[in-house]
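Enquirer: got a sequence here, can you model it:
(chains A and B)
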Amino acid sequence: ETGVTQTPRHLVMGMTNKKSLKCEQHLGHNAMYWYKQSAKKPLELMFVYNFKEQTENNSVPSRFSPECPNSSHLFLHLHTLQPEDSALYLCASSQVIGQGAGNTIYFGEGSWLTVV
Amino acid sequence: AQTVTQSQPEMSVQEAETVTLSCTYDTSESDYYLFWYKQPPSRQMILVIRQEAYKQQNATENRFSVNFQKAAKSFSLKISDSQLGDAAMYFCALTYNYKLTFGKGTLLTVNP
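Expert: As a prediction, this is how the structure comes out:
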């Protein structure tokens, strides 16, 4: 238990569906992240939020829409996905973001997404 | 740009033996941090050990220790007294500011 909880753990959706992934952290952190882990690829940073403000969008297609209503919650809204979007989506959090900051990033257990 | 290279896609070790996983990296920054994460079959990404670049002393965490060679940009992980539960994918990672860059991972098998 790392203090970062993701739901659902498994999701199967059609290409025309709209679904959301949820992440909640209980660590008092102020930064939250979405990562994508595909087979045979390094982890890819998708989005970063710092104090609820988006600070990074790593050229992610618009069919992925993040939302961060507060520092403890992060959502990833999914619509009109493609089969190649099937992957493990990892949420993470860290204390703060700052120049030279090396705060440890803690991960959730991930949400397995299958697009059919 | 930051890069992290793990040159060993797979490694194996006998239970109770010692194994070393290699990692090299490149960054133009001086104030960065290095991590080893472990990802077992459950896919939970678990922090194993962390090293601040400004510290010369190698980090140690129970059976896990690192050999940090800053000039050579090398950051290897040594696992002593290997246990069956150590079997996992191990990722080396570097962070400057908030950007965490991962290597491709080394799959460690522990043989009984």
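Enquirer: check contacts around the residue in chain B positioned nearest to chain A.
Expert: Residue of chain B nearest chain A, by C-beta to the nearest C-beta: B:Tyr33 (3.0 Å). Yep, even glycine has a C-beta here, placed from its N, CA and C like the rest. Applying C-beta atoms under 8 Å, 6 or more residues apart in numbering or on different chains to B:Tyr33 gives the contacts A:102, A:104, B:50-53, B:94-96.
Enquirer: and A:Asn70, how far is that from A:Ser93?
Expert: For A:Asn70, the distance to A:Ser93 equals 12 Å [C-beta to C-beta, to the nearest Å].
Enquirer: ok, A:Leu78 next?
Expert: From A:Leu78 to A:Ser93 the distance is 20 Å (C-beta to C-beta).
Enquirer: which of those two has more neighbours?
Expert: Shown here are A:Leu78 and A:Ser93; by other C-beta atoms under 10 Å in any protein chain shown, A:Ser93 has more neighbours (28 against 20).
Enquirer: for the helix or strand hosting that one, packing partners?
Expert: Assigned by DSSP states H and E, A:Ser93 belongs to strand A:87-94. Judged by 3 or more C-beta pairs under 8 Å, 6 or more residues apart in numbering or on different chains; DSSP states H and E, the packing partners of strand A:87-94 are strand A:4-7, strand A:18-25, strand A:31-37, strand A:106-107, strand A:111-115.
Enquirer: so where's chain A shaky on pLDDT?
Expert: When residues are selected by pLDDT under 70, those of chain A lie in A:1, A:97-102.
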